[in-house]
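Asker: sequence first, predicted model second:
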Amino acid sequence: MQIAENYEEDMISEIDMMATFSHPNIVTYIASYKVKHELWVVMEFMGGGNLTEILELHKYLDIKETHIARIMLESLKALEYIHSLHRIHRDIKSDNILLDNDGNVKLADFGYTVQLTEAKNKRNTTIGTPY
């Protein structure tokens, strides 16, 4: 992906944060490479797609409550882990909830994730994807 100079620091920060995560419900970071003005990030393959795509494909089918509950539970486990590290994701949406080929649920896209500190134990800004 081609990156503008003003976004490079933000993208490196996102990659650094993602590289520290180790949880079964968070997409695994593998490596990243910068070649000239392009940034390549290698992550775990999630062949099931994102939740937005899945819901669109199955919009005329009834999705069982047990499936919904499982997706929510696994998503919440990822958030619980992130919060245990005093971090906030700030962009939870169906596009960022991914499934692998076996149906395992994983959270992705940590571009808006922030680290809380003793001095800053809450965020006062609104950020993320508006709906």
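Answerer: Noted; the coordinates are in hand. Residues are numbered from 1 along each chain as shown.
Asker: can you list the residues that contact the helix or strand that contains residue 14?
Answerer: Assigning secondary structure by DSSP states H and E places residue 14 in helix 5-20. Contact with helix 5-20 is made by 3, 27, 29, 32, 39, 41, 43, 85, 87, 110-111, 113, 115, as judged by Cβ atoms under 8 Å, 6 or more residues apart in numbering. Any C-beta I mention is one placed from the backbone N, CA and C, and that applies to glycine too.
Asker: where do the helices sit along the chain?
Answerer: Ranges of helices within the chain are 5-20, 51-57, 65-84, based on DSSP state H.
Asker: buried ones in the second one?
Answerer: When burial is assessed from 16 or more other Cβ atoms under 10 Å, helix 51-57 yields the following buried residues: 51, 54.
Asker: could I get the contacting residues of the residue most central in space within the chain?
Answerer: Central residue check for the chain by Cα atoms, centre = their mean: the C-alpha nearest the mean position is that of residue 108, 1.8 Å away. Counting by Cβ under 8 Å, 6+ apart, residue 108 touches 26, 27, 43, 46, 50, 96, 97, 98.
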